[in-house]
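Student: need coordinates for the below:
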Amino acid sequence: MYSGSSHNRGFSHSRARSKPYHRGGGNPRFGGGFPRGGTPRRGGRGPGENIHISKFINKAVVTEEIEYVAPTHQFIDFAIDQSLKRSIAAKGYEVPTPIQDRAIPHILEGRDLLGVANTGTGKTGAFLIPLINKVLLDPRERVLIIVPTRELAIQIDAELRGFAAGMRIFSVCAVGGAPIGRQVADLKRQYNFIIGTPGRLKDLLERRLYQLSNFNSVVLDEADRMLDMGFLNDMRFVMRGLPAKRQTLFFSATVSPEIDKLINEFLRNPVRISVKTGDTAKNVEQDVVKVKNGSSKLEVLHGLLAQEGFSKVLIFGRTKHGVENLSKSLRQKGVAAESIHGNKNHSQRQRALGNFKDNRARVLVATDVAARGLDIPDVSHVINYDIPATYDDYVHRIGRTGRIGKRGKALTFIE
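Tutor: Numbering: from 1, shown residues only. Okay, here's the model as predicted:
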């Protein structure tokens, strides 16, 4: 049990270690689980999973070195345009991450690919670099990138612009919640990439603002999240309009039976690459904070945030209303906090994310809209103020810290 300082009375020590994850009403061998029915799933869609407390505890040994596997390539070894190599070098990148090392050569060969990797492992670069090269070889090439959330689309668009600076490669970011007029205008100009969410892509397609027959390359990123969010029909609508002869890249952190069906439906003889090392990153220390009866959950949280080392903290809550109230309460206590949830419009969400990324806000309180795909540098702690609905949600929440070799900490409140 995480304690931090002895002055915090809302929680105490425990020596519990990580044990297997059990669905259902808990295993008597582990002292039972959460009450039958568990936590509600997103949107009130019935009961969620019962996640045993032991799944939130995983002590990372600070002196332990993470296993390192030497890459096969350096970026200069890839058969890509020299201008792209210079752009990569200007960013200070020399050695690719494992998913980049293994995926880029196959994508350059034009193969369909399934990539399975832990969050924060550089998979955006794994598909952007070879696809930018594809456009450099043929400026008429068009690429469609489909993602679950507007924040992820905006992030990928920014990374694309960074890699392709000065190359006359243009993109359209097509997301819901943002003014559609700008997107309509962008689609009437020259572009090579459309990066968007399924609903907005379908909307623009029905308005006949672009033609899927022009796209020979498609990326489905965070496919498991899109499935979980109910985008299956929209995904199929878009995929059906693409040419039969195309290159399809499919990235997912998990491969469930439902995802496996989509792989067989959308991809043709794909190369399957998995660099996933486990459910959660080895370099994320995980623990629980038990709030005792009579203690104030907010005061316990405030006590944690007052401790040394809580420099950039992402806090997850279950509901939009709860997240907004928590961020207001923290600001009243003098904590520089922002919030992001579905009730905020596009500009509000981007402003909150920007303040957090640029360290103008030390705390960001969010619903699960921020749990996947976002690359926020140097998050020191992820705090699950409310228990996630599913273990997959937990994995993706805590993946916001300890990214690409750095260490992080994840704490889950237990009442």
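Student: could you use CA atoms for every contact and neighbour count after this?
Tutor: Noted.
Student: pLDDT on stretch 336-347, on average?
Tutor: For stretch 336-347, mean pLDDT rounds to 88.
Student: what distance separates it from the centre of its chain?
Tutor: Distance, stretch centre to chain centre, for stretch 336-347: 17 Å (CA atoms, centre = their mean, to the nearest Å).
Student: which parts of the stretch 101-250 of the chain are strands?
Tutor: Ranges of strands within the stretch 101-250 of the chain are 113-116, 143-146, 171-174, 193-196, 217-220, 247-252, based on DSSP state E, counting those that start in this stretch.
Student: mind giving me the packing neighbours of the third one?
Tutor: Taking 3 or more CA pairs under 8 Å, 6 or more residues apart in numbering; DSSP states H and E as the contact definition, the neighbouring helices and strands of strand 171-174 are helix 150-163, helix 180-187, strand 193-196.
Student: just the ones you listed: most buried one?
Tutor: Comparing the helices and strands packed on strand 171-174 by mean neighbour count (mean count of other CA atoms under 10 Å), strand 193-196 ranks first with a mean of 25.
Student: which other helices and strands does it contact?
Tutor: In terms of contacts (3+ CA pairs under 8 Å, 6+ apart), strand 193-196 is packed against strand 143-146, helix 150-163, strand 171-174.
Student: turn those into TSV, including mean pLDDT and distance to Leu301.
Tutor: As requested, the helices and strands packed on strand 193-196 are arranged in TSV below (pLDDT from 0 to 100; distance: least, CA to CA, whole Å):
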stretch	mean pLDDT	distance to Leu301
strand 143-146	98	37
helix 150-163	92	27
strand 171-174	96	37
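Student: so for Pro71, which of the ones you listed sits nearest?
Tutor: Evaluated with CA to CA, those place helix 150-163 nearest to Pro71, the distance being 21.3 Å.
Student: does Phe251 touch Asp221 like I think?
Tutor: Yes - judged on CA atoms under 8 Å, Phe251 makes contact with Asp221 at a distance of 4.9 Å.
Student: show me where the stretch 301-415 of the chain has helices.
Tutor: 320-332, 346-357, 391-398 (DSSP state H, counting those that start in this stretch).
Student: likewise the stretch 1-150 of the chain?
Tutor: 82-90, 98-108, 123-137, 150-163.
Student: list the contacts of the spatially closest residue to Asn214 that is not a sequence neighbour.
Tutor: In space, and not counting its chain neighbours, Asn214 is closest to Arg142: 6.6 Å by CA to CA, 6 or more residues apart in numbering. Contact analysis of Arg142 by CA atoms under 8 Å, 6 or more residues apart in numbering lists 135, 191-194, 214-217.
Student: same question for Tyr385.
Tutor: Residues counted as contacts of Tyr385 (CA under 8 Å, 6+ apart) are 315-317, 412-413.
Student: out of those, which are inside strands?
Tutor: If you go by DSSP state E, the contacts of Tyr385 have 315-316, 412-413 in strands.
Student: most neighbours, which of those residues?
Tutor: Phe316 (29 neighbours; other CA atoms under 10 Å).
Student: what bits of the stretch 301-415 of the chain have low per-residue confidence?
Tutor: Along the stretch 301-415 of the chain, the model assigns pLDDT under 70 to residues 370-375, 403-405.
Student: for the closest residue to Val116 other than its chain neighbours, give its distance to Arg207.
Tutor: Excluding the flanking residues, the one nearest Val116 by CA to CA, 6+ apart is Ser274, at 4.5 Å. Between Ser274 and Arg207 the distance is 38 Å, computed by CA to CA, to the nearest Å.
Student: ok, these two, which is more surrounded?
Tutor: Ser274 (17 against 10).
Student: that one is in contact with Thr121, isn't it?
Tutor: No - the criterion here is CA under 8 Å, and Ser274 misses it with Thr121 at 11.5 Å.
Student: so the residue of the chain positioned farthest from its centre versus Gln307, what's the distance?
Tutor: The outermost residue of the chain, judged against the average C-alpha position, is Gly294 (35.6 Å), by CA atoms, centre = their mean. Applying CA to CA, the value for Gly294 to Gln307 is 22 Å.
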